[in-house]
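Asks: sequence and predicted structure are below.
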Amino acid sequence: MNAQGASPAWPSLSTLRPAFKGLRVVGDVHGDATAFSAAIEGARAKQLFTLQLGDLTDRGPDSAATLRMALALLAERQGLFLLGNHDHKLRRALAGALVRPDPEGLGVTLSQIAAAPDADTLRTEALEAIGHAPAWLRLGPWLFVHGGFHPRMLREPPPPAAGSSKPDGLVPRAMFGQVTSRTRVDGYPERLHNWVHRIPSGITVYCGHETRSADGRPYVAVAAAGGRAVFLDTGAGKGGHLSWIDLPW
């Protein structure tokens, strides 16, 4: 991995195509280690690069194992995860920041890491990896992001260490999507999806962050500008299941 502050070598189509037959795009895992393991093993069998859309941890039964697998993918250059809001919050907590742990979310994750036999290694490697996780990634006609899209993401690279600093610029949109100042009755922020209609023709945005599906399958929205958004969070770790989509070259 890169030293703090170094520019990370994120993958491109030219670097991935010689070694892989395509991508396996995996939605929010939220500690569902069993499902994440199945996704990874299936990707290996098909010679696909695993690209996970962020929110590896919190709520599910084994966030420590989920982190361990994501870190192994990075070390083996077989996969990558994007920066999600839960990942960013976890890194802040691991770095010693005063973070209020949700007892069903971050609190569970911190307890699971503390109980792991490799707790110290997990903490050290997670700090490094989350700190340099890309806030978004463009690969040809595909744009991958955790929370929400902005047209500038098509022409601007993400900041090199977005996960290790206070979110600014396009990073809040990438992690949280588009929100109002209001809170829904379920306690979650009220979210807008106006950004979907700014996706241009020929571009597909793959994202997670919220469960928009009503039938357990990834939700597809068609943009007024001609593009598409595919929402891959189908509730893993939160009473639903983990979804993924395979994209051949």
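Replies: Perfect, I can see it now. Numbers count the residues shown, from 1 in each chain.

Asks: quick one, helices of this structure?
Replies: 13-16, 33-45, 63-76, 85-94, 106-115, 119-131, 171-176 (DSSP state H).

Asks: want to try a markdown table for these, with mean neighbour count as columns?
Replies: Glycine gets a C-beta too; all of them are placed from N, C-alpha and C. A markdown table is the format used below for these (neighbours: other Cβ atoms under 10 Å):
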| stretch | mean neighbour count |
| --- | --- |
| helix 13-16 | 13 |
| helix 33-45 | 18 |
| helix 63-76 | 21 |
| helix 85-94 | 23 |
| helix 106-115 | 18 |
| helix 119-131 | 18 |
| helix 171-176 | 22 |
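
Asks: neighbours of D58, how many?
Replies: 29 (other Cβ atoms under 10 Å).

Asks: quick one: residues contacting it.
Replies: Contacts of D58 were listed using Cβ atoms under 8 Å, 6 or more residues apart in numbering, and they are 30-31, 86, 90, 102, 104-106, 108-109, 237.

Asks: follow-up on the earlier one: got the helices of the chain as JSON lines, with mean pLDDT and distance to S164 columns?
Replies: Formatted as JSON lines, those follow (pLDDT from 0 to 100; distance: least, Cβ to Cβ, whole Å):
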{"stretch": "helix 13-16", "mean pLDDT": "94", "distance to S164": "24"}
{"stretch": "helix 33-45", "mean pLDDT": "98", "distance to S164": "24"}
{"stretch": "helix 63-76", "mean pLDDT": "97", "distance to S164": "16"}
{"stretch": "helix 85-94", "mean pLDDT": "95", "distance to S164": "7"}
{"stretch": "helix 106-115", "mean pLDDT": "94", "distance to S164": "17"}
{"stretch": "helix 119-131", "mean pLDDT": "96", "distance to S164": "4"}
{"stretch": "helix 171-176", "mean pLDDT": "94", "distance to S164": "11"}
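
Asks: closest one to S165 out of the contacts of D58, please.
Replies: Taking Cβ to Cβ as the measure, S165 sits nearest to L90 out of the contacts of D58, at 15.0 Å.

Asks: many thanks, have a good one.
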